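> no sequence for this one, just the structure:
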């Protein structure tokens, strides 16, 4: 009979642990939903506030990792940041090239199509 009592006790402990985990998840979820509602771009300074909140969450996430995974996460995030910066610089390069091309086309149009030929008469 003591084996049955031990099983019942283990079952009760397991049930308490599951309930505790459920409560933690629910409290984390409510905390995050409150944090999300407080950190909306409208209420906390627009896009800059949302960026700061996201950056703080990212730093917290990285700090929660162990040594090797932290290094891998930092390297991957660094590569991602450099890729995004490269993409933005390429977009700026294309915009400048298009502006120069438009200027050249405009000057050529003015020279060849809108010049007033002098009347020989």
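The structure has been received and is ready for your questions. Predicted model, so just to flag it, every value in this text is computed and none were measured. Numbering: from 1, shown residues only.
> what about residue 71, neighbour count?
Neighbour count of residue 71, defined by other C-beta atoms under 10 Å: 11. Bear in mind the C-beta positions are built from the backbone N, C-alpha and C, glycine included.
> Contacts only, for it.
Residue 71 makes contact with no residue, according to C-beta atoms under 8 Å, 6 or more residues apart in numbering.
> does it sit in a helix or strand, and which one?
Assigned by DSSP states H and E, residue 71 belongs to helix 67-112.
> What does the pLDDT read for the spatially most central residue of the chain?
The centroid of the chain falls nearest to residue 54 when counting by C-alpha atoms, centre = their mean (6.7 Å). In this model, residue 54 is scored at 88, pLDDT.
> What of residue 94?
Reading off the model, residue 94 has pLDDT 98.
> And for residue 40?
Confidence at residue 40, expressed as pLDDT, is 50.
> Could you do the one 10 residues further on as well?
The pLDDT attached to residue 50 in the predicted structure is 88.
> and if you look at residue 110?
With respect to pLDDT, residue 110 has a value of 92.
> try residue 86
pLDDT at residue 86 comes out at 97.
> ditto for residue 12
Value for residue 12, per-residue pLDDT: 86.
> what's the burial count for it?
Neighbours of residue 12 (other C-beta under 10 Å): 10.
> Give the helix, strand or coil label for it.
Here residue 12 is recorded as helix under DSSP: H, G, I helix; E, B strand; the rest coil.
> From residue 2, how far off is it?
15 Å (C-beta to C-beta, to the nearest Å).
> do residue 13 as well
16 Å.
> how close does residue 81 get to residue 15?
Distance from residue 81 to residue 15, counting by C-beta to C-beta: 46 Å.
> err, residue 103, not the other one
Distance of residue 103 to residue 15, given as C-beta to C-beta: 75 Å.
> same deal with residue 75?
Distance from residue 75 to residue 15, by C-beta to C-beta: 42 Å.
> Check residue 77 too.
40 Å.
> Likewise for residue 107?
81 Å.
> And for residue 6?
15 Å.
> With residue 58 instead?
36 Å.
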